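1. Predicted model follows, preceded by the sequence.
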Amino acid sequence: MPANLPAEAKAKWLKVMEARTPEEKLKALQEFLSAVPKHKGTEKLVMQVRRQIATLKREIEIRRKKRVGRGERFFIEKSGDLQVVLIGEPNSGKSAFFTALTRAKSPSSPAPFTTKKPIPGAVCCDGVIVQLIDTPSIIRGASQGALRGNKVLALAKNADALLLVLDGSKPLLEQLKTLINELEAVGLSIRKPRAIVAIERRSCGGIVILGELENCSPSDVCRLLREYRIYNALVKIEGRARLEDIEESILNPLSYKPAAIIVAKADLVSRDEVNRLKTAVGSIPIFEFSLSRSFNFEPICRYLIRELGLIRVYTRNPKTGEVEKRPVLVKRGASVSDVAKLIHSRIYKSLKYAKVWSKRFKFNPQRVGRDFRLEDGDIVELVC
Ligand SMILES: Nc1nc2c(ncn2[C@@H]2O[C@H](COP(=O)(O)OP(=O)(O)OP(=O)(O)O)[C@@H](O)[C@H]2O)c(=O)[nH]1
Ligand SMILES: [Mg+2]
């Protein structure tokens, strides 16, 4: 223990030593770290504590996964094009929202915890079928298993996207904070990171970096990884990563889960509350829902598709000229042959060219080759 630490930090260190469970120890270490002054003299200590925190988080996550595996299963098999899970505190209005949008029924009542199990339903938007899942409510401590919240969070992890349902009759930011904290505790972030960094540890081969760096060099990254005793790894970067993004992915690896916010019971919400929420969430969209008004799901669907990096491509039958109402969802940047591969291996193999109808063309259709990159909303006729 360095002698020059302030008394507050020393007292917090005692708490670390007294901690009995990994969760207590993690909390105590985090509090200790925030009490340590950050300067050259404490650099090593800070690094060491951060490493301990990262290891503990990994251990807790492994134990939590084992716990989730026990007892009744909440898992719901994916169907349709996207699986979207509702997450919210008790009585926030999830089931009322779910029942208004889908043909499935999920009882809604003034008593909290009415929903006991996840319930799937479906919504169709522009031909895209979204599987919506109503869930039991979560409370603070859900990630630690409170009221089986860990199972609901496991559903969130498996989903393609989330809708965070906030009760419009209650303070909105507090609810959002609880939901974000619980999601982050299981490794999910609803904020789009500047860069997505994945570090795959390997047994040999040194450090290999795939992707772009900003304000740092590959040797800075290697030095940083060595400080965390990572000598062999594949570092995959989507976007442009700074050194702090790489460090964050070691200390607190969060995976991005696209999400939108639903302010339910909008008939009871205060405009000030909504404005405060808008300022706080930045680019995450907010939609207001009330049982007394109709609701359009399409803007949500379009937003989630975009955030997931997908595009909708509609196929046209060459014989009948009919355009399929259900689009094929493919990764942004997909080519004509990627779509052909999804439809049938025979079509993929014998594909000669395609005709494409697109908003970006002056004249439609245009004849294009296999490698032509498609865009959202394009209509494609595959010619074999
Ligand atoms: N005024 C108003 N009340 C609503 C609205 N939507 C839901 N409620 C009421 O809010 C209460 C809770 O709604 P639920 O849909 O059951 O909420 P939940 O999030 O599913 O709650 P649990 O599953 O019990 O945790 C019910 O009494 C609903 O009638 C709304 O738009 N306006
Ligand atoms: Mg419910």
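-> Everything's here; your move. Small disclaimer: the values here were computed from a predicted structure and weren't measured. Numbering: from 1, shown residues only. Ligands and ions are numbered 1, 2, ... in the order given.

2. Could you find the closest non-adjacent residue to whichever residue of the stretch 251-384 of the chain sits closest to ligand 2?
-> Closest residue of the stretch 251-384 of the chain to ligand 2, Cβ to the ion: Ala264 (10.7 Å). For every residue, glycine as well, the C-beta is placed using N, CA and C. Nearest residue to Ala264, sequence neighbours excluded (Cβ to Cβ, 6 or more residues apart in numbering): Gly93, at 3.0 Å.

3. ok, the one you found touching Asp167?
-> Yes: when contacts are counted by Cβ atoms under 8 Å, Gly93 is listed as touching Asp167 (6.1 Å).

4. Counting neighbours, go ahead and name the busier of those two.
-> Under the criterion of other Cβ atoms under 10 Å, the comparison of Gly93 against Asp167 puts Gly93 first, with 26 against 20.

5. Need the pLDDT of that one.
-> Note on Gly93: pLDDT of 98.

6. For stretch 154-165, buried residues please.
-> Within stretch 154-165, the residues that qualify as buried are Ala154, Leu155, Ala156, Lys157, Ala159, Asp160, Ala161, Leu162, Leu163, Leu164, Val165, counting by 16 or more other Cβ atoms under 10 Å.

7. Tell me who's in contact with the nearest residue to Ile286 once chain neighbours are set aside.
-> Distances taken as Cβ to Cβ, 6+ apart place Ile261 nearest to Ile286, at 4.6 Å, with adjacent residues excluded. Residues near Ile261 by Cβ atoms under 8 Å, 6 or more residues apart in numbering: Leu163, Leu164, Leu166, Leu176, Leu277, Val281, Ile284, Pro285, Ile286, Phe287.

8. The first one is in what secondary structure piece?
-> Read that as Leu163. Secondary structure assigned from DSSP states H and E places Leu163 in strand 161-167.

9. Got phi/psi on the residue in the stretch 101-250 of the chain that ligand 2 sits nearest to?
-> Closest to ligand 2 within the stretch 101-250 of the chain is Thr115: 3.1 Å, counting by Cβ to the ion. When read as degrees, to the nearest 10, the backbone of Thr115 gives phi -80, psi 120.

10. what's the pLDDT at it?
-> pLDDT, Thr115: 96.

11. Thought Leu147 was touching it, still the case?
-> No: look at Thr115 against Leu147 with Cβ under 8 Å: they stay out of range, at 11.7 Å.

12. Determine the residues that are contacts of both of the two.
-> Contacts common to Thr115 and Leu147, judged by Cβ under 8 Å, 6+ apart, are Pro136, Ser137.
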